[in-house]
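Q: Structure for the following, please:
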Amino acid sequence: MGKNVEILRLLCEPVDQAAINQLIEQTFKAALSYLHYNHKKISKIYIGEELSLEEVAISAITPLFCKDSQEHSIPIIKEAQSWQPPLRTENEALFFLNSVVGRRLEQHISYMLKEHDPFFAKILDSVNYLIKKNSYKRISYMGRKYIVNNNCDKINGKVID
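A: Okay, here's the model as predicted:
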């Protein structure tokens with residue numbers, strides 16, 4: 001994603017529809033890049049249902065821009081304003097945008113996999129239940145999710161594939 005667009009300005013003070021459109025465009029580009037990198041996870045789904053990566057990206061990021069009926073605010077901007085520590089630099093804004101887009105796409109991919117394969121849905125629900133029941137947690141490391149003990153904050157060294 002190019003740094004010529006000021007993501008920080010768009011997240012902190014989108015003054016008009018043009019600024020919001022720019023933010024949507026940058027979010028879409030980030031989502032598409034994420035999907036290109038992780039396309040193997042969902043290739044069976046989008047090929048089987050004749051979806052393009054662009055359609056998957058759009059359907060995944062749409063909830064980030066649907067205004068809340070009570071507060072009339074855009075969720076991604078509301079989240080940026082409550083991000084800790086507060087966003088101060090352009091690099092922090094890019095990190096925030098990529099984090100939010102990555103989380104949203106992972107949720108959407110899980111949803112698509114559940115809809116496509118009921119057996120996968122049952123396994124995923126069982127794994128999530130066991131993670132909660134046995135006090136484990138999930139950590140992202142090198143683009144993959146790992147299940148670790150609750151007291152582990154980061155992964156060091158080699159991991160089991």
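
Q: got the contact list for residue 56?
A: By C-beta atoms under 8 Å, 6 or more residues apart in numbering, the contact set of residue 56 is 35, 42, 46, 108, 112. C-beta coordinates here come from the backbone N, C-alpha and C atoms, glycine included.

Q: Among those, which one has the most neighbours?
A: residue 35 (22 neighbours; other C-beta atoms under 10 Å).

Q: so that one touches residue 53, yeah?
A: Yes: applying C-beta atoms under 8 Å as the test, residue 35 and residue 53 come out as touching, 4.8 Å apart.

Q: could you point out the longest helix in this structure?
A: helix 90-116 (DSSP state H).

Q: now what about whichever helix or strand comes after that one, what contacts it?
A: Toward the C-terminus, helix 90-116 is succeeded by helix 118-133 as the next helix or strand (DSSP states H and E). Here helix 118-133 makes contact (C-beta under 8 Å, 6+ apart) with 110, 113, 114, 115, 136, 137, 138, 147.

Q: Show residues contacting the helix or strand containing residue 35.
A: Here residue 35 sits within helix 17-37, counting by DSSP H and E. Contacts of helix 17-37 with the rest of the structure, by C-beta under 8 Å, 6+ apart, involve 1, 5, 7, 9-11, 13-14, 42, 53-54, 56-58, 60-61, 64-65, 74, 76-77, 97-98, 101-102, 104-105, 143.

Q: let's see it at 7 Å
A: Applying C-beta atoms under 7 Å, 6 or more residues apart in numbering, the external contacts of helix 17-37 come out as 1, 5, 7, 10-11, 14, 53-54, 56-58, 60-61, 64-65, 74, 97-98, 101-102, 105.

Q: And the buried ones among the residues you listed, selectable in PyMOL?
A: PyMOL command restricting the contacts of helix 17-37 to the buried ones, with burial defined by 16 or more other C-beta atoms under 10 Å:
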select buried, resi 5+7+10+11+14+53+56+57+60+61+64+74+97+98+101+102+105
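
Q: do you know how far the nearest residue to residue 94 once chain neighbours are set aside is from residue 109?
A: Closest residue in space to residue 94, ignoring its immediate chain neighbours: residue 7 at 5.7 Å, by C-beta to C-beta, 6 or more residues apart in numbering. According to C-beta to C-beta, to the nearest Å, residue 7 and residue 109 sit 24 Å apart.

Q: Perfect, that will be all.
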